[in-house]
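Participant: Next come a sequence and a model predicted from it.
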Amino acid sequence: EKEAFIAEKEAFIAEKEACIAKLEARNEKLTNELLYLRRQLFGRSSERFIPEDPLQLSFAFEGLDELPEEQQAMPEEVVVPSYTRKKEAGRKPVREPLPEALRREEVVIEPENIPEGSVRIGEEVTEKLEYTPGEVFVKRIVRPKYALSGGEGVIIAPLPSQVLPRSNAGASLLAHLLVSKYQDHLPFYRQLDIFRRQGIHLAASTVNDWFADTVNLLGPLYETLKKEVLATDYIQVDESCIPVVDKDKPGTTRKGYHWLVKSPVLKQLFFHYQKGSRARYVAVALLCNFQGAMQTDGYGVYNIYENKKGVLLLGCMAHARRKFENALKNDAQRAGYALKVIQALYAVEREAQENNLTPDEVRVLREKKSYPLLRDFEQWLLEESEKVLPKSLIGQAILYTYSLYPRLVRYVLDGRYCIDNNGAENGVRALALGRKNYLFCGNDQAAERAAVIYSLLGSCRLANVNPEAWLTDVLNRLPDHSILRLSELLPVNWKAYENS
């Protein structure tokens, strides 16, 4: 009986110990989530790591101290490459002269009671910027008709090719509507309200039809853009969601995805939408013929390209940096060390950028300064990965970075490659801002049309081209332009073609 009693108590104790371990693990998980959420609410939003000033008071929102178990011998300092960021000398702002191209409306104010015999010796000129609402005007195309002598008939000049033959919308109006919505983030209904205040009444259904027909006209140019970007040997890829009305559940939306592909070298990009899916088959179909370096975040869909011949997969250091940013309050010592290393790597990139180095010079600089840091960092990640809890914030940061480390360091192989994928993420900002205003796309077809416009306007931004001027000119040219020379109309080539 005594042995049975002891066995029963031991079983009871084992059960309680298992329960305690489970609760401790749950407590660890909830504590990490709380730290992350508090950091999102109260922490600084900048991703750049800046050591805190020890003399500056700060509020300890979390109220947690570092545990004795976390005090471990770790490198105290990171040797940052010797480079001081150039700073512009402080100077007072100087008022720039107003552009000469602006129309001047002159008002002359003569002094009162000018004495007789006074001679004008000069003038004082004060210029002020003024504004009037954008002008909408009617373009009348008048084609005189002439009767031939002897009753042989009538002659009249042919009507020039029209952008939308069955509508009364001109190219400049269509360009203004599309740029206002997809770059300035004004939904069509807001634009119609603005027109209404000017006495111009347009039906929403009419404008939507114009939009659909215009995108159909731009379709071949969009396909040309896609081919050129995918023909390069270095691209950046990212995805961003957009709500799409669910036809199967009226009144609700589902999450659709636009895929962004950017060529940093060509300064061109395009968006791709395929039924809103983020699945692997979309990437496989889209990138099946690509050969070269492909830079992505840690999304698992791209893992298949590690084994594809002719494709070099690059990682994003900014994503690793964010992981350590989130882990600062969980383990300030480890996270702080990692962020100092990453800060040093970005210092090398700033040095290359500010000195306008060529790709070959950038590669040499990285081999000299970045590569030693990356080798030491890899060893540190390996050692620390065995000392942290895998589910803790610092554990997740270290394991994420170490698992993707081969991709993260490959940027040193070529001076054209970027240290991160921020270029692609910047490309989706217009999409993110737009969806906050128009909220959702009515269906998959509308999302596909949006992808066409975002692609062309995004390429205008990269090429530093005025999107409204470009779109107006291209819409006027497209009906008569050879489909074999569509590349001439892409934003990156448009300036040269315009002046030719």
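Facilitator: Arrived safely, thanks for sending.
Participant: Please make it C-alpha for all contacts and neighbour counts, starting now.
Facilitator: Noted.
Participant: what ranges do the helices span in the stretch 301-450 of the chain?
Facilitator: Using DSSP state H, counting those that start in this stretch, the helices assigned to the stretch 301-450 of the chain run over residues 317-326, 332-354, 359-365, 371-385, 393-403, 405-409, 422-427, 429-438, 444-462.
Participant: Which strands or helices does the last one pack on?
Facilitator: If contacts are counted by 3 or more Cα pairs under 8 Å, 6 or more residues apart in numbering; DSSP states H and E, helix 444-462 sits against helix 171-182, helix 204-230, strand 268-273, helix 467-477, helix 491-498.
Participant: What is the subsequent helix or strand relative to the second one?
Facilitator: Following helix 204-230 in sequence order, the next helix or strand is strand 234-245 (DSSP states H and E).
Participant: among the helices and strands of the chain, which has the poorest mean pLDDT?
Facilitator: The least trusted helix or strand in the chain, going by mean pLDDT, DSSP states H and E, turns out to be helix 429-438, with a mean of 66.
Participant: Just put the helices and strands packed on helix 444-462 in CSV and tack on mean pLDDT and distance to residue 311.
Facilitator: Rendered in CSV, the data for those read as follows (pLDDT from 0 to 100; distance: least, Cα to Cα, whole Å):
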stretch, mean pLDDT, distance to residue 311
helix 171-182, 91, 33
helix 204-230, 94, 12
strand 268-273, 92, 19
helix 467-477, 92, 33
helix 491-498, 76, 26
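Participant: Residue 244: which of those is closest?
Facilitator: Residue 244 lies closest to strand 268-273 among the helices and strands packed on helix 444-462, at 11.6 Å (Cα to Cα).
Participant: ok, back up a step: go through the helices and strands packed on helix 444-462 and pick out the most buried.
Facilitator: Comparing the helices and strands packed on helix 444-462 on average neighbours per residue, with mean count of other Cα atoms under 10 Å, the densest one is strand 268-273 at a mean of 26.
Participant: Now do it: distance to the chain's middle.
Facilitator: On the basis of Cα atoms, centre = their mean, to the nearest Å, strand 268-273 sits 11 Å off its chain's mean C-alpha point.
Participant: Using CSV, list the CA coordinates for it.
Facilitator: Taking C-alpha atoms only, strand 268-273 is exported to CSV below (Å, rounded to 0.1, in the frame of the first residue of the first chain):
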residue,chain,number,x,y,z
GLN,A,268,10.9,50.0,-64.2
LEU,A,269,8.3,47.9,-62.3
PHE,A,270,5.0,46.2,-62.9
PHE,A,271,2.1,44.8,-60.8
HIS,A,272,0.6,41.4,-61.5
TYR,A,273,-2.8,40.2,-60.3
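Participant: re earlier: could I get the helices and strands packed on helix 444-462 in JSON lines, plus columns for distance to residue 458?
Facilitator: As requested, these are exported to JSON lines (distance: least, Cα to Cα, whole Å):
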{"stretch": "helix 171-182", "distance to residue 458": "10"}
{"stretch": "helix 204-230", "distance to residue 458": "11"}
{"stretch": "strand 268-273", "distance to residue 458": "7"}
{"stretch": "helix 467-477", "distance to residue 458": "9"}
{"stretch": "helix 491-498", "distance to residue 458": "9"}
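Participant: Tell me the confidence at the residue nearest to residue 317 when sequence neighbours are not counted?
Facilitator: Taking Cα to Cα, 6 or more residues apart in numbering, and ignoring the residues beside it in sequence, residue 317 has residue 420 as its nearest neighbour in space, at 5.0 Å. Per-residue confidence at residue 420 stands at 91 (pLDDT).
Participant: Same question for residue 295.
Facilitator: We note a pLDDT of 93 for residue 295 in this prediction.
Participant: Does residue 150 belong to a helix, a strand or coil?
Facilitator: Three states are possible here, and by DSSP: H, G, I helix; E, B strand; the rest coil the one that applies to residue 150 is helix.
Participant: Fine by me, thanks again.
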